[in-house]
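1. Quick one: sequence plus predicted model below, questions after.
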Amino acid sequence: MIRPAEGSNFPDSLFSEEEQMVLESVKEFVQREVQPLAEELVHQNEHSRSVALLEKAGELGLLGLGISEEYGGMPVSFTTSLKVVE
């Protein structure tokens, strides 16, 4: 069974209020959209659901982390980007 990582290596004090909001959105997205499908996606060759998840992640701006707004991204710190990956 795939389980989310326990704990964190990054204290909340490293992040601005806006970055903490981004991180909370990521957490909610993963709990709502990714965790229910995680096992299925790992063990089956179901690309359409993977594409749908990527599209939803893109709608949240998660595919443009650390990229200037000028180019359609979400300019967050490198540390915030790492936390999202975590």
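-> Perfect, I can see it now.

2. what helices or strands is the one helix or strand residue 83 maps to leaning on?
-> Under DSSP states H and E, the secondary-structure element containing residue 83 is helix 78-85. Applying 3 or more C-beta pairs under 8 Å, 6 or more residues apart in numbering; DSSP states H and E, one finds that helix 78-85 contacts helix 17-29. For the C-beta atoms, the positions are set from N, CA and C on the backbone; glycine is no exception.

3. Go through whichever helix or strand comes after the helix it packs on and flag the buried ones.
-> Beyond helix 17-29 in the direction of the C-terminus, DSSP H and E gives the next helix or strand as helix 38-43. Using 16 or more other C-beta atoms under 10 Å as the test for burial, helix 38-43 gives residue 38.

4. Starting from helix 38-43, tell me the next helix or strand along the chain.
-> Moving on from helix 38-43 towards the C-terminus, the next helix or strand you reach (DSSP H and E) is helix 47-59.

5. quick one on the thing from earlier: who's in contact with the helix holding residue 83?
-> In this structure, residues lying in contact with helix 78-85 by C-beta atoms under 8 Å, 6 or more residues apart in numbering are 8, 10, 14, 15, 19, 22, 23, 26, 62, 65, 66.

6. Quick one: work out the angle between it and helix 17-29.
-> For helix 78-85 against helix 17-29, the angle between stretch directions is 10 degrees (axes from the mean of the first three to the mean of the last three C-alpha atoms, to 10 degrees).

7. dump the residue contacts of residue 66.
-> Applying C-beta under 8 Å, 6+ apart to residue 66 gives the contacts 73, 74, 75, 76, 77, 78, 80, 81.

8. Do I have it right that the fifth one meets residue 20?
-> Same thing as residue 77. No. Residue 77 sits out of contact with residue 20 when judged by C-beta atoms under 8 Å, with a separation of 11.7 Å.

9. for the helix or strand of the chain with the lowest mean pLDDT, packing partners?
-> When each helix and strand of the chain is scored by mean pLDDT, DSSP states H and E, helix 38-43 comes last, with a mean of 76. For helix 38-43, the packing partners by 3+ C-beta pairs under 8 Å, 6+ apart come out as helix 47-59.
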